[in-house]
Structures are given as C-alpha cells and as structure tokens.
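> generate a structure from the sequence data that follows.
(4 chains)
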There are 2 protein chains.
Amino acid sequence: MPREYQFPFELRHLVYFREVARQLHFRRAAETLAIAQPALSRAVAQLETALDADLLNRTRRGVEVTPAGRLLLERIEPLLRGLAALPAELQALAGGQIGHVRVAFTGLAMATVLPRILREFHRGHPGIRVELSESPTSVQVPALQSGDLACGFFHPDAPTPGIRTRLLLRERNGVLLPTAHALAQRAALRLSDLAATPFVLFPRTHNPGFYDRILSAFASAGVTPRIAEEVWPRANGIGLVRAGLGATFMTPSEAQHLPPEVGFRPLRGPAPESRLVIGWSGAAEPGPALAAFLAVATASASRR
Amino acid sequence: MPREYQFPFELRHLVYFREVARQLHFRRAAETLAIAQPALSRAVAQLETALDADLLNRTRRGVEVTPAGRLLLERIEPLLRGLAALPAELQALAGGQIGHVRVAFTGLAMATVLPRILREFHRGHPGIRVELSESPTSVQVPALQSGDLACGFFHPDAPTPGIRTRLLLRERNGVLLPTAHALAQRAALRLSDLAATPFVLFPRTHNPGFYDRILSAFASAGVTPRIAEEVWPRANGIGLVRAGLGATFMTPSEAQHLPPEVGFRPLRGPAPESRLVIGWSGAAEPGPALAAFLAVATASASRR
DNA sequence: TTCCTGTGATGCCGCGTGAGTATCAGTTCC
DNA sequence: GGAACTGATACTCACGCGGCATCACAGGAA
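The predicted structure is shown next:
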C-alpha cells in the first residue's frame, strides 16, 4: 500500500534535527532526546532525503549547520514552540482561564448591572475576552435558543423554552422628562398626567410583549399615549428626551447618572414593570468560559 | 523501552484532524487523505487523548467542532501552511533564488565596481539579500581563509593561500589635492613634487604591504613623505583632503565624482599601483547564492 | 412497523518502520 | 600505535499504523 502523505517528514524529524543543531553533537543530542545515537543519525538522514537538502555537515571535528539547515531551523523554531504550547493552552481553555464569551445586552442592562459584572469578571478572569453587542430581546431569544448566542441580558415577556434564566432586576418604571417640561415641577406623576406628552419608545418589534403592556397600562389609566419616536438603541432614546422631543420610561436604577437637561419622576398608581434577566442556552452544558461568566453575573446580582 | 517524546502527537494527527474539521465528515476526509475511515477515526481519537480535550462532537447527523477544536485549528493552520511551504523554500535556497551573501569591500571597491555589480545582481536575483560591510584587506583575508566571510573586495599585496581571487582593477594612483593647494595648478605631478605636502593615508595595519610600497615609491623618488593622518574608512580620508588637511592617493576610476574643493592629478614617473580583486574561499564549493554573486561580479568586471 | 442506507467506532491482523544493540570507519589525540 | 572519540551502518525486534470486516446506532422510505 503506497503511503500517501502531505508531509514527507514528521514532527520527530524536526525535533531531532533541532536538537542536533543545538548541540552540534549526535551522541549528546541522542541522550537528551532519550533515544540511541543510530536512530538519531537515521532520522536526520531521512529528513535530509525528504527535503532533498543537506542540513548538516558532518566533519570529524564536529557537526556544522549548512545554510539550508539554518533556514530550516529559523522556520521550524517558532512552529515547534507553538506546538509545544498547545496542550497547556487547551487545558487553559478547558479550565476557563482563557476563551471568549459572546454576550448580548439591552440598554437597561448596560445602564445598571453590566458594568459592575464586567469589572468583576475581568478581575477574576483576565484571559477571557467578552464580546459584547447590544441587541433587542426579540433578537436575543431565538439566538439563545439556536445556540448562536451564549449569553444575553434581556427582558422576557413570555416563557422562553430552551433558555435558562435568572432574574436580575424587577422594577416599576418611572418617567424621564426634559427639565423644561411643565410636568417636571411635580415630584411624582400618574400615567393619566401624560396624555398630552409625546413619548419616545423602542420599536415594537424589539419586544412586542413589553410594548403592549405599556400601551395597556396607559389604556387602563384612560389615556392613549402619543408615540412620537421609536428609536434604538436605548441611549438614543434618552438623547431625544434630552433634546426635548418627548418623555420616555425608565427604571430608578437606570436613572442614576443623568445629564442636567432631563429629570426622572416616579409614577404613582399603575406603571409598566421592567424585568431584566440573564439567560443562557439550556440545551448544552455551558463551556468553562461561559460558566465562569454566569457565576460572576449571578453572584453579582444576588449581592445587590 | 519507554517512548519519551516531547510531543504527544505527530504531524499526521494534526493533518488528519484538520481534514475532518474541514469536511465535517470522517469518510470523505479519509478518502481525501487516501486512508481508510477507521484509521482516521483512531488517529483523531488519539489526538484527543493526547491533548486531553474533546475536539469534535460526533453526532448522528454529522460532526461539529468544539471550542477546543476551533482553538486547535486556529493554531495549527498557520503552522501546517508554513511546513508545507518548507520544501519549496529549501529548493529555492539550493537553486539560488533566495538566500543571502555576506560581502566585504574597501572604499575603492565602493567607489568603482561595486555599485554597478549590486545593481546588476539585484536585477537578476531579487530574492538574495546582500549584507555589505566595509572592512580593510587585513581583516578580509583571514576572514575569507577561515570561512567567516563568503566574499570580499580587497587589495592583495602578497599571496593569499586558500583564497580564490579575480583581478577587477589595476591602476596607477594619482594624487587628490585640495583645489586651493599650490600644486593644484599643475596638470600632472611627480612624487618628488610632494615632499612638502602632508599626506592622508589609511592605517598601516589595514594593508601593510601596500602601505610600504607607497613609502618605497617615495623613497625611490628621493622623498620622505609626511603622513599627517591615518584614517579609515576611505570616505573620511577624502573628507580630510577636502577640508584642506593634506593630499591622498587615488586611482582615476575612483576620481569620477568629486566635490569641487578637491582635484585629481595623475602622476608622472613612479607611482604606487592599486590592485582590486574579488576573493572567495577556495576551501569549499561556493553555495548557490555566492556562486550567483560571483558570476555577476566577474562578468561585470570583464565587460569593462 | 421493517428494511435500507449511511454515520462513526471497534476488533483483529499483517507489515512497515522506528529504535534497539553491536559494530564499523574514520579522526585526533597522547 | 593504540585509545578514545566521532557519526554511519547492519542487523533484529516489536510497536503501531493502516488495512478489512463488522458493529451500533440513527434517519428515512415503504
């Protein structure tokens, strides 16, 4: 059976040759490699045949490396180093010391729990890279179910089969108004006060359940709100409020650091409620990097 | 006998795994690799054992690569590519398409034949790098004899055993004077005219034979020259003449491009003669890169 | 259901080949 | 002229790669 093979040599040959080139001495190199000298001689000779090049000059007063041998050495040195590092690297991956996690989030998550979680996580796991991308609940849920996404911070509004979740935040929304707005004088508001105020919301497709709960909250207060803009991501909505184009909903946690042009007012009576969860695929056991992230995230949440 | 070996796997394993990861199909990968499927299954299993990591998820509906497998792929892909390129690279080295030559030269060589040789050589052999360093004859000759230097342009003054040479230039020296010098009015000079003129020469150790021939040429003209400076490299000597510190010897070929502050005058009667040769070690057959360089250099010289 | 097809894994065996020991061929010493 | 090196060569042996045959299992079609 003819032996077809892409490489006319094996790692052995390269390692053996490198050792001889280092020590310039077959016997000592063989000892270092824990093989007998004849085996080493033949392996190097095979490599020379395979590459059709003289790699070493055997003289009676020692061995010297030919130009071809030097070129080969230059090329294989980094390769062998890289290969030698591989097992440890894979162990590090398995142990969760290195790796990466793709994490999606919504504006609320970034404004509340996420910065703290990331800070803690990077302190404990400096080798794991977190790939963050803001995306709406309606995108995250199917991505989590299909396994395209490892982990997401989102706002569930219906059962999410195939996703394991943990509640991070559950808060009644208040209202964010331009400071110049008439209602900004009041300490607290009711939904019914807001009939004349244009609203800035997220696009309905991004979380239809929550969107509709907002509308029904208005309806039960006897008001039909005017939705002036639907904008995403979240930061742009706050920007529009700041620019005086309307009001928006916001939770108290989210209202920590606000520019002076806007003000947060709690709602009395019925108010839409936001729930922020962290979710991950329930199909497969999470990998070590994801497990580490989840551990930090849930611990950080329960410590609040 | 225990098999001690730095790597718990071989190139085979990596190539086999890569092929399966590419095709996500053991049977087709085995066909591509021209081996039977069971052999492939076992090789991949061995690699997984060796690295203590699951690289592939075998499901009934196909094969998928695990994160560890992806990491491994990322790492080995460039390595395998580099190794695959090795044989061709070594052949190119042997064929003289790539490589490098260490070449030493003296100031005279750089002022005459060398630029043209380098231009021609790089045109015909773009893959070969030339490492140039100016060094005196007295340094080049032993370096050529010991094999530390591949090729040199120098000025032999005695037999140089172990070095093969070819004469490139053989010229009577003239005199380089500051234009302001009294003798610069004359069209040609004799050595005996130069008794009162301070001279700038190279250090005697750099070529004792030639140095002494200069002195004896003076002596036979009945003159004892005043050696004001001994300076190296050559360009600095010309700089000193330009600065008015004295005169120096120079061949007509070297006197092609001179600054206006200096002038070249031929010598009538006895004059020191400069011989420029290219030399290379006669011990070993020159390597392909050196052979190519020598071919260009000698051809360029005989075409003058 | 039942059979067929196709997946990758497993059992077993022959032979190639890597590595062992013993030895050779050529030096460079004393 | 031997002693003590060097690396190369000649054997033998056994490990393991790869071959074939087969298994276990899943999915699809009848």
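
> could you use CA atoms for every contact and neighbour count after this?
OK.

> where do the helices sit along the stretch 1-150 of chain A?
Ranges of helices in the stretch 1-150 of chain A, per DSSP state H, counting those that start in this stretch, are A:11-23, A:26-33, A:37-51, A:67-95, A:107-111, A:114-124, A:137-146.

> let me have those in TSV, extended by distance to DNA strand D.
Shown next, in TSV, are the helices of the stretch 1-150 of chain A (distance: least, Cα to the nearest atom of the strand, whole Å):
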stretch	distance to DNA strand D
helix A:11-23	8
helix A:26-33	4
helix A:37-51	4
helix A:67-95	14
helix A:107-111	38
helix A:114-124	38
helix A:137-146	17
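
> columns mean neighbour count and mean pLDDT on top of the ones you listed, output as CSV?
What follows is the helices of the stretch 1-150 of chain A, written out as CSV (neighbours: other Cα atoms under 10 Å in any protein chain shown; pLDDT from 0 to 100):
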stretch, mean neighbour count, mean pLDDT
helix A:11-23, 20, 91
helix A:26-33, 18, 88
helix A:37-51, 17, 90
helix A:67-95, 17, 91
helix A:107-111, 20, 94
helix A:114-124, 15, 94
helix A:137-146, 20, 92
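
> turn those helices into JSON lines, including distance to A:A297.
JSON lines is the format used below for the helices of the stretch 1-150 of chain A (distance: least, Cα to Cα, whole Å):
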{"stretch": "helix A:11-23", "distance to A:A297": "44"}
{"stretch": "helix A:26-33", "distance to A:A297": "48"}
{"stretch": "helix A:37-51", "distance to A:A297": "54"}
{"stretch": "helix A:67-95", "distance to A:A297": "18"}
{"stretch": "helix A:107-111", "distance to A:A297": "12"}
{"stretch": "helix A:114-124", "distance to A:A297": "6"}
{"stretch": "helix A:137-146", "distance to A:A297": "17"}
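
> out of those, which gets nearest to B:L167?
Of all the helices of the stretch 1-150 of chain A, helix A:67-95 sits nearest to B:L167, with 28.0 Å by Cα to Cα.

> is the closest one anywhere near chain B?
Yes. With Cα under 8 Å from any Cα of the partner chain as the criterion, chain B is reached by helix A:67-95 at A:68, A:71-72, A:75-76, A:79, A:82-84, A:86-87, A:90-91, A:93-94.

> so how far is A:A150 from the nearest residue to A:S133 once chain neighbours are set aside?
Distances taken as Cα to Cα, 6 or more residues apart in numbering or on different chains put A:A104 closest to A:S133, at 4.9 Å, once the chain neighbours are dropped. Plainly put, A:A104 is 9 Å away from A:A150 if you go by Cα to Cα, to the nearest Å.

> these two: who's more crowded?
Ranked by neighbour count (other Cα atoms under 10 Å in any protein chain shown), A:A104 and A:A150 place A:A104 first, with 26 against 20.

> show me what that one is bridged to.
As for beta bridges, A:A104 partners with A:S133, A:G152 under DSSP bridges.

> mind listing what it touches?
A:132-135, A:140, A:149, A:151-153 (Cα atoms under 8 Å, 6 or more residues apart in numbering or on different chains).

> per-residue pLDDT, the residue in chain A that DNA strand D sits nearest to?
Using Cα to the nearest atom of the strand, A:H25 is the residue of chain A that sits closest to DNA strand D, at 3.3 Å. Looking at A:H25, its pLDDT reads 89.

> for it, list the residues it contacts.
By Cα under 8 Å, 6+ apart, A:H25 lies in contact with A:62-63.

> over to it: give its phi and psi.
phi -160, psi 110 (degrees, to the nearest 10).

> any idea how far it is from A:S41?
10 Å.

> you'd agree A:A301 is up against A:L168?
Yes. Using Cα atoms under 8 Å as the test, A:A301 is close enough to A:L168 to be in contact (5.7 Å).

> just give me how far stretch A:99-114 sits from the chain centre.
Its chain's C-alpha centre and that of stretch A:99-114 lie 9 Å apart, by Cα atoms, centre = their mean, to the nearest Å.

> can you give me the end-to-end distance of it?
19 Å.

> OK, contacts around A:S300?
Going by Cα under 8 Å, 6+ apart, A:S300 touches A:116-117.

> am I right that it sits in a helix?
Yes. Applying DSSP: H, G, I helix; E, B strand; the rest coil, one finds A:S300 inside a helix.

> what does the pLDDT read for it?
A:S300 is assigned 84 on the pLDDT scale.

> then A:R61?
For A:R61, pLDDT reads 69.

> hang on, A:P252 packs against A:G174?
Yes. Judged on Cα under 8 Å, A:P252 makes contact with A:G174 at a distance of 6.9 Å.

> shared neighbours, the two?
In contact with both A:P252 and A:G174: A:264, A:266, using Cα under 8 Å, 6+ apart.

> and those two? which has more neighbours close in?
Neighbours were counted for A:P252 and for A:G174 using other Cα under 10 Å; A:G174 has more, 24 against 17.

> what separation is there between the more buried one and A:R226?
Taking Cα to Cα, one finds A:G174 at 17 Å from A:R226.

> do A:A297 as well
Taken as Cα to Cα, the span from A:A297 to A:R226 is 37 Å.

> do A:L79 as well
65 Å.

> now do the SS call for the closest residue to A:R170 other than its chain neighbours.
Ranked by Cα to Cα, 6+ apart and with sequence neighbours excluded, the top spatial neighbour of A:R170 is A:R275, at 4.5 Å. Using three-state DSSP, the structure places A:R275 in strand.

> let me know whether stretch A:41-49 sits next to DNA strand C.
Yes. Residues of stretch A:41-49 contacting DNA strand C under Cα under 7 Å from any atom of the strand: A:A43.

> just how off-centre is that stretch within its chain?
48 Å.

> got the contact list for that stretch?
With contacts defined as Cα under 8 Å, 6+ apart, stretch A:41-49 is touched by A:9, A:12-14, A:16-17, A:26, A:54-55.

> intersect the residues you listed with the contacts of DNA strand C.
The subset of these within reach of DNA strand C, by Cα under 7 Å from any atom of the strand, is A:R12.

> who in chain A is up against chain B?
Counting by Cα under 8 Å from any Cα, chain A sits next to chain B at A:4-7, A:10-12, A:33-34, A:51-53, A:68, A:71-72, A:75-76, A:79, A:82-84, A:86-87, A:90-91, A:93-94.

> go again using 7 Å as the cut-off
Residues of chain A found near chain B, taking Cα under 7 Å from any Cα of the partner chain as the criterion, are A:4, A:7, A:10-11, A:34, A:51, A:68, A:79, A:84, A:87, A:90, A:93.
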